[in-house]
Structure formats: structure tokens, C-alpha cells
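> have a look; sequence and predicted model below, questions after that.
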There are 2 protein chains.
Amino acid sequence: MFESAELGHKTDKEEYDAAVPPLRTALLNAQYEVLDLKQFAVVVLINGIDGAGKGETMNLLDEWMDSRHIEGWAFDQPTAEESERPFMWRFWRALPPRGKIGVMFNNWYTQPIRDRVERIGSKADFEQRLDEIRRFEDMLVQEGVLLVKFWFHLSKSGQKKRLEELEKDPRTRWRITERDWRFYKQYERYRDVAARALRQTSTGNAPWMIVDGSDPRFRALFVGRTLLAALEKRLDVARLKHAPRQLAPPLPPLIDQRDLLNSLVLRQEMSKKEYDEALERYQGRLALLTREPAFRKHALVLVFEGADAAGKGGAIRRVTAALDIRQYSVVPVAAPTEEERAQPYLWRFWRHLPARGKTIVFDRSWYGRVLVERVEGFCSEADWMRAYAEINDFEDQLAAAGVVVVKFWLAIGKDEQLARFEAREAEPHKRFKITAEDWRNREKWDDYARAVCDMVDRTSTENAPWTLVEAENKYFARIKILRTICERLEAALA
Amino acid sequence: MFESAELGHKTDKEEYDAAVPPLRTALLNAQYEVLDLKQFAVVVLINGIDGAGKGETMNLLDEWMDSRHIEGWAFDQPTAEESERPFMWRFWRALPPRGKIGVMFNNWYTQPIRDRVERIGSKADFEQRLDEIRRFEDMLVQEGVLLVKFWFHLSKSGQKKRLEELEKDPRTRWRITERDWRFYKQYERYRDVAARALRQTSTGNAPWMIVDGSDPRFRALFVGRTLLAALEKRLDVARLKHAPRQLAPPLPPLIDQRDLLNSLVLRQEMSKKEYDEALERYQGRLALLTREPAFRKHALVLVFEGADAAGKGGAIRRVTAALDIRQYSVVPVAAPTEEERAQPYLWRFWRHLPARGKTIVFDRSWYGRVLVERVEGFCSEADWMRAYAEINDFEDQLAAAGVVVVKFWLAIGKDEQLARFEAREAEPHKRFKITAEDWRNREKWDDYARAVCDMVDRTSTENAPWTLVEAENKYFARIKILRTICERLEAALA
């Protein structure tokens, strides 16, 4: 959930000063059109970690737009009047009418997350509250509300730094209390609970937008542009006669060109000698682990995704070499067959699920929905937007059944891919591996990169995290993959 | 949930024999068109009480349609192969491809309901499983599946009678085991758990159809015609270019003209003397109950709905006469104001919710969504179909906050209404009560009756049950209302 928001995004002053005036103009224009049309209300949720700039951003939106038509609500402990009534009463009171924008700071998420951090109520109670929120928000969207949800994030060290800064400055010292430091001590638990909440409520119609809160200029542009894109998309729909089913705001635009993939050091060092030694060690560990009696209560699902020529095949062979041939199979995933196209999207993966004690390796997978199908337009935006939640549900069910799900993205650069393509074409026995489609896919490199980053942010979960593999050095990549599988299995069998 | 299914619906042989041939032809035609179009799959769920005709109906569908293109699945205890895999695996395997019809007997509902009856897992676990099902079914619908869910119901005495019949007949004796009688002993618990499950999973896109299982001919026509209407509606959509958002099957058609309202004895006996005595007694009880210290932890919401001139106003005055004027208010609900129309539908009711210790009387209510708005077409079918679930969620939240919700439908006949209209028009000081709209509404009497029955079936819940009030004798009606309020309050404060 927070992968992209921990990259340390930054916007320099010059760029920011140039970007703000046109952004403000566009936001104001959009706001007035929303007001004129009176077709839908806008609800902006501001949640997240303390010190990540929630209050500042609220003030900024108020300053940038026409504050007469923005209503800001900062909910604190319920007042006497509020606590006399059902939990949601005060939020219903605060809903903006059509044409207006409501910004809600600390809202229906605050209490359920806080309660779960403090272990008030069971895990199942927490899940139930999240489902209630899901239904509530779904109702809002069906009733025509444009719902834009921002979660302000800081890494643990980022939060510490921020709290210390605020404490040092005499003008802001008053803002930091004992309570803030107490919350900081619970950082990991808060983050994990929040990640679960965000994931369960990040639906096709109302996805969360995660804000990297560390740089004030970056986060201001991020929130401003994301909100603007949401308003503009929704205004486009409002002008149509036959509104499409997809009413969700679009995912955030890129602000500083920095993303999960281009932040990786793709070429890592590993010598042939180190590799040979490590290969033997990890293959041995994996062989033992999958033959342990405890493994018979589990199963292993490995997902390999990556750019063309990233080395998936070679990596898969190094893994299966350690497995009992009767206990695993490799499922290469290509375009769906006619039989598969006649079924719901996930059907063709369900049919391959392993029995206990078995391993299935998916060479490409259900992530095609949010990668190739998204980029090539094989499915509608509504379809791939809801797929994140559907995939998370799917993998949750696997985890609940004891299946260990390990997912790899093998990352290489565009130049490295070109070199590998050319090398393959030069070798007669490898030429078949390169097709015209591979060359075509290269042209959409940036679209794929964007789709990969969204995929990792939205489907890397506590049950089934993604591992990004720096794959320009194949030795390094294979060992990282083997080691990751061993570690995940050891944790599961412990 | 089961109100209409306990009316003892019946179809005589002559009517049945005349109805079946055209029904079979229509079903077959629809089936072949589904097969030709190959645009969507049909999943029919068959669940419910044992002995209510589930198996017979499955066989019948197979007989009535082309069985080569129907796949029937009767799930029992998971096989070894199935229990090795996640819970949903076997159901995914059984999904029919586009163009085909799959009938699933005992499906993803059976185990969660059975477990809850046996108290395996907590209430919150059960709610979580229901939410998983909701999400799964929503995915199916989004993927284009037509989902038709039948729940076969019998009253407790009906089930007993049925089991005894089966046991007596030498040809069917083998079907009844110890297990069936053991389940029968848990009838009430099973019914309550099932009602909760049905309510939580009866969504705008996949509503449950409750089958009165007591008469084989009635239930056969009911299932056949409901399925036919679903197929035909969906085929209409499939032929359109721009499919609307509403993909739900329509609610079941009437089969035997018998419904909740016309099964009531509308004119009940009560003399003026009995009335005066009872009025004093119940008003006194209500006065005491609302002044008890325990009531300060609760609140009371009274909902009055009914046909025009059914006597809501008079009944409300007899209730409020018992209340402290500082502690209650009456909210007359008319067409929404401009301010209210700019908000989600339920907003205008949320704003009136009582603080603890207070009483709010709604003279008409949020049920307008599924009554006047449905009948007059003020909202789309998709809107009022999802409203049942939204209203149940809303009232659940009230109940969770300690609010006692008591809902009345005041029922009078069409002739009685006419007599009352004429009497009012004859009296100058009451003439203002009758408007042209009242006369117009009369013309849609049958549509309103249908809407009322659906409303009661779909929103009468353990937290907020409906009370149908036979209201042609006003004395009787007022006393039934007062008594019901007292009893609900006594139960809540106990």
C-alpha cells in the first residue's frame, strides 16, 4: 500500500512556483463548473499519519479554491450532541449538497482504525466495521457523490524527523504533545492496521490515493492534481447523457517522475562463484522445506511477472530444480482460450490451484488484468479498477486455506531489454523467443511501468507481498528469488 | 423475509396444467437465446429448508429445459480433492460458461449458515463470511453472470407436516433420516440465521427470491416464472448496445394473487367501551416506559406508513398523547425540499434522528423510496432495488446505537378508502385532507400493494420488524399500535 509513498518524492521550489498558478486556475474553474451543474457533490477525505501534512493540505485546498463553496470539517472526539446518536450521524450531517465540496479531516475511518490499534474489539469486529464503511461509501457513489480519499503517509523515520522538526520550531512546538509520541511508538501497528483498512475499502468506485507526506511541495501538487483529475473526469461524465458505470476518480497522476521501478538499482553485483555457491545452498533449503511434513498442510503458489526478456523462465527453472517433479507444475499463462473467455476473469486461475503439499508456478498470472489488459485496453477501466480488490480477496482466500503466495516482479531497464532482444535475435536457437508483439510492447514501456507501480501499491498485502527483483544481473535475481521463497516458507512452517 | 412465503400459497391442478405448457415453451426459447447470444452465464442457486422441494425443483428445471445446456451441481460434504483446496474452489469449478445455465444445490451459503446454526465461529465471523459472499457475487454480476437465488421456505408446522408425509410414504421413506429430525428441532435458530444471511446478501444486483415450498404446483410455477422473467429481462439488456447499470433479475411475479395485504382480515372487532379501557391502560404503560431511567440509554423511532385515509394521523395522536411534549417530535414526511434533493436519499432522515431518551414519530418515512418513488417511477429500478439493503443497513445502525425502531403499515381495503374519502369530502372541515393526488394514487392501488408486500418481506428484520395493522376499525388499529410499542419497549428495556 505504501511502497510508492516511501520513495522520498520531492518537488523543488522553482517547479512548484511555476506549477501552482495554472493548477489553482484549473481547480477554481472545475469548482465553479461543479457548482453550476449541481449534479453531484464532492467529498474529500483527509486521513493518515500525524505530522504528514493533513492540516496544511486542508488549509491549502481552502486557499486555492473558492472557500465559500468548500466546507471543511475536522472531526474530533464526538460532542455530547453527537455521542447521543448513532456513530455515522455527524458524518451524514456534514455531507455537502450537490454542487459543493466537503473536506473531512478525521472521519469515519479514524475511530475504527484507532480502536483496532488499541485492540478495542476483535479482528472480526474491525473487518465488519470496514465492510459497513464499504457499503456506506458504495451508497454514496451510487447516489452520485464523487468520493476522493487521501491517506497521508510517512515512513517511521520520516515521522520521527517530522515530529522533531515541529518540536524544535518555537512556532509549532505547541502542536506536538505526549500523545503524538505515544502514537509514534505504535507506528508499525498503526501502519499495519491502516494498510488493512485501506485495502479493504479501496474499491473500484472509491480507491484510496496514498500521499507521500514528506515534502510539502510534492504533497501539495499531488493532492491538487489528483483532485483536479477527479473533478475533470467526473465533469466529463456529468456532461454525457448516458453516464458510464465507472464513477471512480482516476488514479493519481505522476508528479516527480519518480516511481518504484526507476528507484531500483537494476544491476546488482554477483559473481559466478558467489552464485554457484548460493544456488546450491538455497536450492537445498527449498528442497528440504517442501519435503517437510508441515508443508503438507500448506501449498505454494509462485507468481512470476516481469517485462519480456527479464529472465522469468530461467529463474523458474532454478526454482523447480529443487522441487519433486510429482509435487509441482508450471502454468504458463498466455491469452485466455475460448473456454476461459466464457468465464469470469479469475476462473482460469482457480482451476489451477494446488492441493495441499503441492507447488504451482504461474509464469504470468491473474495480474494480467491490471497489466496487459489495462494497458492494451482489453478490459474497461471499471474492470481493472475493481480487479485490485478482487485479486486481494482471491489471495486472502488462498492465505486462509494455508497457501503461501509469493509474487515476483522481475525488473530490467529499457536498454537492457533492447540488448537482450538483439542478443536473442542473433542466436538462431533463441530467435523464436522474440516476436513482433514483444517489439510492440516496448513502445508502451511507460504505460506498463505505471501499471506495475499501481499493481504493487494496491496488491502488496500482508498475506501476499510483492518482491521487486533487480534482474539485470541474472545471478543476483535468481538468488534473491530463491532466498525470498525460502524465507516465506520458513515463516509459514514455523 | 419469510412473511409472504408463509401465506400458504396454492395452485390448483387445472390452473397448473394449463400454465405449464406455455411456461415450458417460453423457458426453452429463452434458454436457446441465452445459448445463441453467449453473452452471459446463468447461475441459479437452490437453497433453503429441507423438505421444501429443492430437489424436486432442480429435477423439474432439468425436465422443462434442454438438459444438455443445464449443468446441475449438488454439493455435499467436500470430497478429498475439494477439501485440499480453498473453500470456494469447487464452486468456481462449477461455474457455467457464457451461454449455459448452472443450477447449484447447496452452495456457498450452506456451510456458513450451518456453521452459525451450530455456533461454530462467532457472530462476527459469520458476518465476515456473508460479506465475502456479497463481494464474490458482486464480482460475478460485474462479470456478466445472471444470478438468480431461490430460498425454499416452510413454516415450522409446514416442515413437520412435510417430513411426516415423506416418512409415511414407502417410496420416499428412505429420504428422511435422524439428521432431518435433528435439524427440525433447531428450526427457529436455523430460520433466524438464514434470515440474517439472506438479508445481508440480498443486494440490489442479486436479490433473494423466497419460495413458499408448501405446495408443489405453486412452487414450480413460482420458480419457473421467476426464472423466466429474469432470463427475459436480461436478454432484453443483452440486445441493447448500451447496457444499463441494473443487471438484477426482477422480483418474482405474482402466481396466485394471494399476498400479505389481502390475507389480512382488515375489519377487526372492538367496541368503544373496550377501546376506552384499553387506550387508558396502554397510554399509561407507554407513559411510564418512556419515563423509566433505562429509557435514557435508548431512543424510540416510530414509523407510520399506510394508504391515504388509513388513519395514521389519529393513531399518532393517540401515541403522542402518552409522551412528554419535551421529549418527542413528529416529523411529517412529504416530497423532499430542494435542500434535501441535493443530498443522498437517506440524508433527510438522518438529520431527524433522536438523541437518547427521545422519541421521533415519522409520519411517512424513508420507505417512500420503495413505495411512492418505486410506483411513480421517481427513481430508477436500480435505485429502489438497492434501497432495501441500504435501509436495512440504516436501521441496523440505529439498533446498534440503542434506538428502538417500530414500524407500522396501516392497512385498509380499497372500498373502505373510497368510503372514507367520500365521508371526508362531505365534511367541510375535513375536505382539505383529500386532494387530487389521493384520487390518482387510488388508480395505482395494485402497484402500491405489490410494493408494500415486497417492502415488508425485504425490510422486516430482527432489529426492526414491520407490524401490519388491520385498520378498518380505528379502535382496534390504535390499540394494536400502542400495545406493539409497549411490548417492543419492554423487551428493549428489560
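Alright, I've got the coordinates.

> which ones are touching residue A:357?
When the contact criterion is C-beta atoms under 8 Å, 6 or more residues apart in numbering or on different chains, the partners of residue A:357 are A:295, A:296, A:298, A:299, A:327. Any C-beta I mention is one placed from the backbone N, CA and C, and that applies to glycine too.

> can you give me the strands in chain A?
A:42-48, A:70-74, A:101-105, A:146-153, A:208-212, A:299-306, A:328-332, A:359-363, A:403-411, A:466-470 (DSSP state E).

> just put the ones you listed in JSON lines and tack on distance to chain B and mean neighbour count.
Shown next, in JSON lines, are those (distance: least, C-beta to the nearest C-beta, whole Å; neighbours: other C-beta atoms under 10 Å in any protein chain shown):
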{"stretch": "strand A:42-48", "distance to chain B": "10", "mean neighbour count": "24"}
{"stretch": "strand A:70-74", "distance to chain B": "13", "mean neighbour count": "17"}
{"stretch": "strand A:101-105", "distance to chain B": "11", "mean neighbour count": "23"}
{"stretch": "strand A:146-153", "distance to chain B": "11", "mean neighbour count": "24"}
{"stretch": "strand A:208-212", "distance to chain B": "17", "mean neighbour count": "25"}
{"stretch": "strand A:299-306", "distance to chain B": "8", "mean neighbour count": "24"}
{"stretch": "strand A:328-332", "distance to chain B": "14", "mean neighbour count": "15"}
{"stretch": "strand A:359-363", "distance to chain B": "11", "mean neighbour count": "21"}
{"stretch": "strand A:403-411", "distance to chain B": "7", "mean neighbour count": "23"}
{"stretch": "strand A:466-470", "distance to chain B": "21", "mean neighbour count": "21"}
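
> could you tell me the least trusted of these?
Taking the mean pLDDT of each of the strands of chain A, the lowest value is held by strand A:70-74, a mean of 89.

> name the strands paired with that one and say parallel or antiparallel.
The sheet places strand A:70-74 alongside strand A:101-105 (parallel), with pairing taken from DSSP bridges.

> next, the angle strand A:42-48 makes with the strand it pairs with.
Going by axes from the mean of the first three to the mean of the last three C-alpha atoms, to 10 degrees, strand A:101-105 is angled at 20 degrees with respect to strand A:42-48.

> pLDDT weak spots in the stretch 151-300 of chain A?
Per-residue confidence of the stretch 151-300 of chain A (counting by pLDDT under 70) places the weak regions at A:241-246.

> what distance do you get for the residue of chain A most remote from its centre to residue A:419?
Most distant residue from the mean C-alpha position of chain A: residue A:428, 40.8 Å away (C-alpha atoms, centre = their mean). Residue A:428 sits 18 Å away from residue A:419, going by C-beta to C-beta, to the nearest Å.

> what's the answer for residue A:97, then?
According to C-beta to C-beta, residue A:97 and residue A:419 sit 59 Å apart.

> more neighbours, the two?
residue A:97 (17 against 14; other C-beta atoms under 10 Å in any protein chain shown).

> tell me which residues touch that one, please.
The neighbourhood of residue A:97, defined by C-beta under 8 Å, 6+ apart, consists of A:41, B:339, B:342, B:343.

> give me the neighbour count for the first one.
By that I understand residue A:41. By the criterion of other C-beta under 10 Å, residue A:41 has 23 neighbours.

> just the second one next, same as before
Under the neighbour criterion other C-beta under 10 Å, residue B:339 is assigned a count of 10.

> ok, and the closest non-adjacent residue to residue A:187?
Setting aside the residues directly before and after it, residue A:187 is nearest to residue A:156 in space (C-beta to C-beta, 6 or more residues apart in numbering or on different chains), at 4.8 Å.

> the one you found contacts residue A:189, correct?
No: between residue A:156 and residue A:189 there is no contact, the gap being 11.5 Å when judged by C-beta atoms under 8 Å.

> right, and residue A:51 touches residue A:159 too?
Yes: counting by C-beta under 8 Å, residue A:51 does reach residue A:159; the two are 5.6 Å apart.

> got the contacts of residue A:357 as CSV, with distance to residue B:439 columns?
As requested, the contacts of residue A:357 are arranged in CSV below (distance: C-beta to C-beta, whole Å):
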residue, distance to residue B:439
A:295, 76
A:296, 75
A:298, 71
A:299, 69
A:327, 77
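
> of those, which is the most crowded?
residue A:299 (24 neighbours).

> ok, it to residue A:489 distance?
With distances taken as C-beta to C-beta, residue A:299 is found 11 Å from residue A:489.

> repeat that for residue A:214.
Separation of residue A:214 from residue A:489 (C-beta to C-beta) stands at 35 Å.

> residue A:96 now?
From residue A:96 over to residue A:489 (counting by C-beta to C-beta), the distance is 51 Å.

> about what we covered before: and the contacts of residue A:97, which is closest to residue A:365?
Compare each of the contacts of residue A:97 with residue A:365 using C-beta to C-beta and the shortest gap goes to residue A:41, at 39.0 Å.

> so what's residue A:405 closest to, chain neighbours aside?
Closest residue to residue A:405 in three dimensions, ignoring its sequence neighbours and counting by C-beta to C-beta, 6+ apart: residue A:464, at 4.0 Å.
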